[in-house]
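K.L.:
just a sequence and a predicted model for now, questions to come.
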Amino acid sequence: MDSSNFRALTVRKDNGIFTRAIEQRSSNDLPAGDVLVRVLYSSLNYKDGLSATGNRGVTRRYPHTPGIDGVGIVEESIAGHICKGDEVIVSCYDLGMNTDGGFGQYIRVPQEWVVPLPEGLSMQDAMAFGTAGFTAALSVHKLLCHGIKPEQGPVLVTGASGGVGSVAVSILAREGFHVVAASGKDAADFLLSLGARKVISREAVNTGAGKAMLRAKWSGVVDTVGGNILAYGLKTTKPCGAVTCCGNVASGDLPITVYPFILRGIALLGVDSAECPLELRKQVWQAMAGQWKFDHLATLATEISLAELDTYIDLILAGKTRGRVIVNMQDI
Ligand SMILES: NC(=O)c1ccc[n+]([C@@H]2O[C@H](COP(=O)([O-])OP(=O)(O)OC[C@H]3O[C@@H](n4cnc5c(N)ncnc54)[C@H](OP(=O)(O)O)[C@@H]3O)[C@@H](O)[C@H]2O)c1
């Protein structure tokens with residue numbers, strides 16, 4: 001395998017039908033860019049499932065290779081500070097959206113998208129975190145910057161067994177928070193092993209529709225699902241607390257009144273990993289390689305081959321994956 005003949009999961013659109021298969025590709029098929037990277041590992045995120053099934057909010061151009069994450073070795077670079085042989089992470093921005101992504105054994109990207117693999121993280125570790133883990137870390141970073149502290153009371157994580165949720169539980173526990181994990185799965189043992197102090201059902205947090213406010217319980221919330229569950233989080237956060245919002249697997253709607261904001265001073269903190277500025281991106285990755293690198297990172301992730309991706313794309317869209325899924329791009 002070399003850059004003139006490599007494999008990539010390719011999604012095609014024919015007569016409105018989306019199909020996917022592993023195809024032979026060449027670097028000539030890749031977009032123009034500053035840095036050519038041989039991808040050794042990628043990871044599966046919910047957004048990849050959307051890209052692989054024709055979601056126009058994510059991808060408009062087909063044929064296309066999804067994969068919003070990739071880690072590997074630089075093979076060619078016209079950027080002075082990035083050299084052949086460097087180990088790098090590329091994630092977010094437009095990778096895997098309308099730029100061919102990490103489910104190909106090679107990617108070519110602008111230099112601004114390239115982050116050096118931090119010391120202390122292996123390539124597998126980096127993808128065990130991946131965009132979902134980075135988003136979880138960015139969510140925790142925002143709560144901490146807002147001044148939320150462990151002694152102020154429990155924090156809630158929703159969609160807790162998913163990629164963002166499971167890493168958020170782990171990092172918050174590492175920061176000393178009393179974490180309450182809400183999950184729709186039978187995942188209590190898994191979540192307790194990540195450091196959650198209590199596991200509650202999805203139904204318990206999908207309540208209170210129609211009520212302006214509910215009893216305050218949490219100092220902060222990391223919400224990964226949106227919809228009524230995000231509204232519940234806002235209605236049940238203690239005065240001056242904060243709620244992060246990154247996802248829409250439950251719904252893109254937010255059925256809420258202004259009262260949590262004007263009667264309790266709740267802050268709603270949006271989290272966008274895709275356009276996170278490079279300096280903050282590097283800072284958060286450094287934290288993930290340092291104080292936020294938890295012992296069970298490897299057990300949080302399931303490693304699959306490129307050939308198994310097809311099945312796992314269906315699973316993540318059905319909300320049936322647990323923790324993180326990393327893709328060994330050499331294993332086909
Ligand atoms: N803003 C950003 O920069 C950014 C970056 C990464 C991801 N995201 C978004 O964050 C969300 C989570 O991503 P992910 O990678 O963690 O996905 P994931 O691994 O599929 O996890 C999502 C979890 O949400 C729960 N869930 C699934 N369907 C649900 C439903 N209908 N109602 C309520 N809960 C449901 C499930 O957890 P339980 O079974 O434990 O409840 C599922 O495991 C997605 O919407 C994704 O697009 C945003």
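P.N.:
That came through, no problem. Residues are numbered from 1 along each chain as shown.

K.L.:
contact residues of the stretch 101-250 of the chain facing the ligand?
P.N.:
131-132, 135, 159-165, 183-185, 187, 202, 224-225, 229, 246-250 (Cβ under 6 Å from any ligand atom). The way it works is simple: take the backbone N, C-alpha and C, and place the C-beta from them, glycine included.

K.L.:
mind checking which of the residues you listed land in strands?
P.N.:
Counting by DSSP state E, those place residue 183 in strands.

K.L.:
go ahead and build a PyMOL selection from the buried members of the residues of the stretch 101-250 of the chain next to the ligand.
P.N.:
Burial among these is assessed by 16 or more other Cβ atoms under 10 Å; the matching PyMOL selection reads:
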select buried, resi 131+132+135+159+160+161+162+163+164+165+183+184+185+187+202+224+225+229+246+247+248+249+250
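
K.L.:
and the nearest residue to residue 9 once chain neighbours are set aside, how far from the ligand?
P.N.:
Computed as Cβ to Cβ, 6 or more residues apart in numbering, the closest residue to residue 9 that is not its neighbour in sequence is residue 103, at 4.0 Å. Here residue 103 is placed at a distance of 15 Å from the ligand (Cβ to the nearest ligand atom, to the nearest Å).

K.L.:
list the contacts of residue 103.
P.N.:
8, 9, 42, 48, 65, 66, 67, 96, 306, 309, 327, 329 (Cβ atoms under 8 Å, 6 or more residues apart in numbering).

K.L.:
now do the SS call for residue 319.
P.N.:
Three-state assignment for residue 319 (DSSP: H, G, I helix; E, B strand; the rest coil): coil.

K.L.:
same deal with residue 304?
P.N.:
Going by three-state DSSP: residue 304 is strand.

K.L.:
residue 201 is in contact with residue 184, isn't it?
P.N.:
Yes. Using Cβ atoms under 8 Å, residue 201 is in contact with residue 184, at 7.3 Å.

K.L.:
identify the farthest-apart pair in the contacts of residue 103.
P.N.:
96 and 306 (14.4 Å; Cβ to Cβ).

K.L.:
burial count for residue 215?
P.N.:
8 (other Cβ atoms under 10 Å).

K.L.:
angles on the backbone of whichever residue of the chain sits closest to the ligand, please.
P.N.:
The minimum distance from the chain to the ligand, using Cβ to the nearest ligand atom, falls at residue 162 (1.9 Å). Dihedral pair for residue 162: phi -80, psi -180, per degrees, to the nearest 10.

K.L.:
show me what contacts the residue nearest to it when sequence neighbours are not counted?
P.N.:
In this structure, residue 162 finds its nearest non-sequential neighbour in residue 224, 6.1 Å apart by Cβ to Cβ, 6+ apart. By Cβ under 8 Å, 6+ apart, the contact set of residue 224 is 157, 158, 159, 162, 164, 165, 168, 246, 247, 249.

K.L.:
next: residue 173.
P.N.:
With Cβ under 8 Å, 6+ apart, residue 173 has these contacts: 179, 194, 195, 196, 197, 294.

K.L.:
what's the neighbour count on the first one?
P.N.:
I take that to be residue 179. Using other Cβ under 10 Å: residue 179 sits among 28 other residues.

K.L.:
if I look at it, how far off is residue 142?
P.N.:
16 Å (Cβ to Cβ, to the nearest Å).

K.L.:
just checking, residue 114 touches residue 83?
P.N.:
No. Judged on Cβ under 8 Å, residue 114 makes no contact with residue 83 at a distance of 11.1 Å.
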